[in-house]
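Undergrad: Quick one: sequence and predicted model below, then my questions.
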Amino acid sequence: MKIVIIGGTGLIGTKLAALLREKGHDVLQASPRTGVNAITGEGLDQALSGADVVVDVANSPSFEDRAVLAFFETSSRNLLAAEAAAKVRHHVALSIVGTDRLPECGYFRAKLAQENLIRRSTIPYTILRATQFFEFVGGIVDTSTDGQIARLSPALFQPVASDDVAAALADVTLADPINGMTELAGPEQLSLDEFGRKYLATTKDPRKVVADIHARYFGAELDDRSLTPGDRPRLGAIRFEDWLAALRK
């Protein structure tokens, strides 16, 4: 089966490509780096020729509100039109748990707009909403830091390892389209501030984490439902402690 991964040279795309090739599939890792650009359309028709499945894990180079919305709307429209012309049988997209619950966050609004374009298209689809990756925890702490203090919400947080995201995407990619959404989260819930403390302790970072119910997460205040999945999500296998232990090596 020919599978095209849009954003295929990034963190998730690279891991996903390796898993799918291990299963014997013909995988094209499409990105501007490989001559395929979903924004300009360059190389898109050629890349999708003969494709059975397209997996979109591309990310915007800018998180500024207008820029990120323009990225996901333009790339999705171009991609879905090219898929229709190529008679692609399954469109898979990676999105985020909570896209419909944090309208104050421009990135989440952009991902919701992307999801809506997929739902309105004629291509059979599956949307995998994942929680934040373990790999993003350091960046979340950094954006919440002023001097030596990081103010983080005590709201529940359930991040997942990128390896588990790639594994879930591989399963979804090789299954039939569900024409709907499924969720993936890490195996444990803790407060966001506690995840931050564990990360700083592991990396021997002297900054202090302070729990603040008004601390904003990319523009939005959080509650316990903002970033956690609904009933019966798929759960990753890798615990945060195990991922942190790998950082120490």
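TA: Everything's here; your move. Residues are numbered from 1 along each chain as shown.
Undergrad: going forward, measure contacts between C-alpha atoms and count neighbours the same way
TA: Will do.
Undergrad: pretty sure Ala81 belongs to a strand, no?
TA: No: assigned with DSSP: H, G, I helix; E, B strand; the rest coil, Ala81 falls outside any strand and is helix.
Undergrad: Just give me the neighbour total for it.
TA: By the criterion of other CA atoms under 10 Å, Ala81 has 15 neighbours.
Undergrad: which residues of this protein fall in strands?
TA: Counting by DSSP state E, the chain has strands at residues 2-6, 26-30, 53-56, 90-96, 125-130, 145-146, 149-152, 156-157, 180-185, 190-191, 208-211, 216-217, 220-221, 234-235.
Undergrad: Mean neighbour count for the ones you listed - can I get that in CSV?
TA: Putting the strands of the chain into CSV (neighbours: other CA atoms under 10 Å) gives the following:
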stretch, mean neighbour count
strand 2-6, 24
strand 26-30, 20
strand 53-56, 25
strand 90-96, 23
strand 125-130, 25
strand 145-146, 14
strand 149-152, 22
strand 156-157, 24
strand 180-185, 21
strand 190-191, 14
strand 208-211, 18
strand 216-217, 18
strand 220-221, 16
strand 234-235, 18
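Undergrad: I'd like those written out as a markdown table, with distance to Leu200 and mean pLDDT added.
TA: Shown next, in a markdown table, are the strands of the chain (distance: least, CA to CA, whole Å; pLDDT from 0 to 100):
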| stretch | distance to Leu200 | mean pLDDT |
| --- | --- | --- |
| strand 2-6 | 33 | 98 |
| strand 26-30 | 34 | 98 |
| strand 53-56 | 32 | 98 |
| strand 90-96 | 25 | 98 |
| strand 125-130 | 23 | 98 |
| strand 145-146 | 12 | 95 |
| strand 149-152 | 10 | 97 |
| strand 156-157 | 16 | 96 |
| strand 180-185 | 22 | 98 |
| strand 190-191 | 15 | 94 |
| strand 208-211 | 8 | 97 |
| strand 216-217 | 18 | 92 |
| strand 220-221 | 22 | 93 |
| strand 234-235 | 25 | 98 |
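Undergrad: Of all those, which one is nearest Arg197?
TA: strand 208-211 (6.0 Å; CA to CA).
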